[in-house]
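> Starting from these lines, generate the structure:
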Amino acid sequence: MRALSVLYWIPVLAVATYMSFGFSTHKMWGVIILVVMTLVSFIVSWKLSELEFNSWYHEILMCGTDKISMSISILSNADQSRSWWMLAFEAYFGILIKFVNPACIIVFIFEGLAADLKQPFGITQGVLPVIASIYVFIAILIIFGPMMMCDYQEMFMHNVEKEFSADDIFETKARIKTKLKSKFVSMKAGNMGKGTDQSQNSAIELTSKPAEVPATVAAENV
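As a prediction, the model looks like this:
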């Protein structure tokens, strides 16, 4: 996970800096570099982890978003079963949250900083910033107002523990699969060892057993 973080954040910060302060007319190349370096960080992280792809995907690449995406997708089925589209949605959700959105936010922040340093407040003058701030205050009221105005306890009937049942089911299946695989390998190794012992015993018996003389040869000797 450390390699994934380093190989992702260093290119994001470097490319965002160059895109905003140095090469603002070549932003497409910056996007291409970010995509390529992100894929490279995925490959390096997988190789360094020495894990199977499935384990690396859920434990490292999707760490932090895997349970959230599973808890969202599992609510679609009343029997808590898994559907074929859930894995694609969870990958889409996790990649956006962990890799796409942070890069976009960093680029937007750096571009805003570069624009403010070049020309403070852009081209806005007079009462325009005041009018724009009205929307900010309305958003604050919408977000925090209901927290102060509610005068009764919310009737929350949903079982929160069921939201993470998909992840628990996956971990149980992965654990069972690992045990069965190790047991199969040990049984296979044991059978191969028994076969080797039997072949060695047969070879010893053949070498220690005296050679039988044919009857015709014995009669001629007599």
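
> send the alpha carbons of the helix or strand harbouring A115 over as CSV?
Assigned by DSSP states H and E, A115 belongs to helix 101-118. Extracted in CSV, the C-alpha atoms of helix 101-118 (Å, rounded to 0.1, in the frame of the first residue of the first chain):
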residue,chain,number,x,y,z
ASN,A,101,-11.7,12.4,-7.6
PRO,A,102,-8.5,13.3,-5.6
ALA,A,103,-6.6,14.0,-8.7
CYS,A,104,-9.3,16.2,-10.1
ILE,A,105,-9.6,18.1,-6.8
ILE,A,106,-5.9,18.7,-6.6
VAL,A,107,-5.8,20.0,-10.2
PHE,A,108,-8.7,22.3,-9.5
ILE,A,109,-7.1,23.7,-6.3
PHE,A,110,-3.8,24.3,-8.0
GLU,A,111,-5.5,26.0,-11.0
GLY,A,112,-7.5,28.2,-8.7
LEU,A,113,-4.3,29.1,-6.7
ALA,A,114,-2.5,29.9,-10.0
ALA,A,115,-5.4,32.1,-11.2
ASP,A,116,-5.6,34.0,-7.8
LEU,A,117,-1.8,34.6,-7.8
LYS,A,118,-2.0,35.9,-11.4
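
> Only the buried residues of that helix, if you could.
Buried residues in helix 101-118, counting neighbours by 16 or more other C-beta atoms under 10 Å, are found at 103, 106-107, 110-111, 114. Bear in mind the C-beta positions are built from the backbone N, C-alpha and C, glycine included.

> Tabulate the residues you listed (JSON lines), appending distance to L34 and pLDDT.
Listed next are the buried residues of helix 101-118 as JSON lines, based on distance: C-beta to C-beta, whole Å; pLDDT from 0 to 100:
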{"residue": "A103", "distance to L34": "6", "pLDDT": "90"}
{"residue": "I106", "distance to L34": "10", "pLDDT": "89"}
{"residue": "V107", "distance to L34": "9", "pLDDT": "89"}
{"residue": "F110", "distance to L34": "13", "pLDDT": "87"}
{"residue": "E111", "distance to L34": "14", "pLDDT": "86"}
{"residue": "A114", "distance to L34": "18", "pLDDT": "83"}
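
> is it true that F170 touches H58?
Yes. If you go by C-beta atoms under 8 Å, F170 and H58 touch, sitting 7.1 Å apart.

> Name the residue in these two with the higher neighbour count.
Under the criterion of other C-beta atoms under 10 Å, the comparison of F170 against H58 puts H58 first, with 20 against 16.

> Counting neighbours, which bits of stretch 31-47 end up buried?
Within stretch 31-47, the residues that count as buried by 16+ other C-beta under 10 Å are 33-34, 37-38, 41-42, 45-46.
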